[in-house]
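>>> mind looking at a prediction? Sequence and model below.
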Amino acid sequence: MSDMDFDSALIAAFFRLAAEQGWGRTNVAEAARAAALPLGEARVRFPGRAAVLRHFGRMADQAALAETPTEGTIRDKLFDLLMRRIDALQAHRAGVIALLRALPSEPPTALLLACATQRSMRWMLQAAGVSTAGLRGELRVRGLAGVWVWTLRAWERDESADLSGTMAALDAALRRAGRVAAWLGGGTPGARPAEEADASAVEPDAAPTGPVAEPPPA
């Protein structure tokens, strides 16, 4: 079994158990046994639940970046990238929702995911051809993290087969962001419109969270 197959099997088992018994009650050893994986290797690759999130986030990023869009507006490219990440979450929907609902009672996990979200959104922007350098770059990352959180909230409520509600929420959030940030089509990435300084205004009223983690090797 390749490392990728091992990781995928353990993560699938972990999220399946989390959906059944809750995120806080699930551990790596249980997931390894459920997936018939050797505990020794599971211990090396997944020392704890934080490692599960890091690996899962990396898988989600890689799914988004596997076919980087080359045509269309910046907003179109970001829409495609973020929906690819949503599709990766959808494969483990019940378990991911269990994670999201556990965050208020697990501040360390929420903080981990908030930091990881920033790293992942930086990758999404760079994949769309948007600079993330300097203060303006940080504002762009922060703004896209807000878009991601808003989309996650819609996805959590969306029970449609085609995720139409999620797509509508993501499109609306990107359009709203585009009205205050140059990186979404209100101007060129190198421009400096006055409203760009308010890019963080697209953020919902909560810290960015979500099942994302370290970007593909970087």
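Received it, and whenever you're ready, just let me know what you need. Numbers count the residues shown, from 1 in each chain.
>>> how about the helices in this structure?
3-21, 28-34, 39-45, 49-65, 74-90, 93-102, 107-127, 134-157, 164-178 (DSSP state H).
>>> any weak-confidence spans in this protein?
181-218 (pLDDT under 70).
>>> pull the number of nearby residues for the residue nearest to Met124 when sequence neighbours are not counted.
Of all residues not flanking Met124 in the chain, Leu81 sits nearest, at 4.8 Å (CB to CB, 6 or more residues apart in numbering). For glycine as for every other residue, the C-beta is placed from the backbone atoms N, C-alpha and C. Leu81: 23 surrounding residues under other CB atoms under 10 Å.
>>> can I assume Leu81 is in contact with Val130?
No. With contact defined as CB atoms under 8 Å, Leu81 does not reach Val130; the gap is 10.9 Å.
>>> Ala50 versus Glu106, what's the distance?
Here Glu106 is placed at a distance of 11 Å from Ala50 (CB to CB, to the nearest Å).
>>> contacts only, for the closest residue to Val147 other than its chain neighbours.
Spatial nearest neighbour of Val147, chain neighbours left out: Ala173 (4.4 Å); criterion: CB to CB, 6+ apart. Listed by CB atoms under 8 Å, 6 or more residues apart in numbering, the contact set of Ala173 reads Gly146, Val147, Trp150, Thr151, Val202.
>>> just Leu112 next, same as before
Leu112 sits in contact with Ala50, Leu53, where contact means CB under 8 Å, 6+ apart.
>>> how near is it to Arg49?
In terms of CB to CB, Leu112 sits 9 Å off from Arg49.
>>> can you check His55 too?
Per CB to CB, His55 is found 11 Å from Arg49.
>>> equivalent analysis for Asp5, please.
Shown here: Asp5 relative to Arg49, a distance of 21 Å by CB to CB.
>>> closest to Ala91 out of the contacts of Ala173?
Distance to Ala91 across those (CB to CB) is lowest for Thr151, with 16.6 Å.
>>> verify the stated contact: that closest one with Ala169.
Yes. The pair Thr151 and Ala169 qualifies as a contact (CB under 8 Å) at a distance of 5.6 Å.
>>> the two: who's more crowded?
Remark: of Thr151 and Ala169, Thr151 carries more neighbours, 26 against 20, as counted by other CB under 10 Å.
>>> contacts only, for the residue nearest to the more buried one when sequence neighbours are not counted.
Leaving aside its chain neighbours, Thr151 sits nearest to Leu170 (4.5 Å; criterion: CB to CB, 6+ apart). Residues near Leu170 by CB under 8 Å, 6+ apart: Phe79, Leu82, Met83, Ile86, Val147, Trp150, Thr151, Ala154.
>>> now the second one: closest residue in space that isn't a chain neighbour?
Nearest non-adjacent residue to Leu82, counting by CB to CB, 6+ apart: Leu170, 5.9 Å away.
>>> no further queries at this time; thank you.
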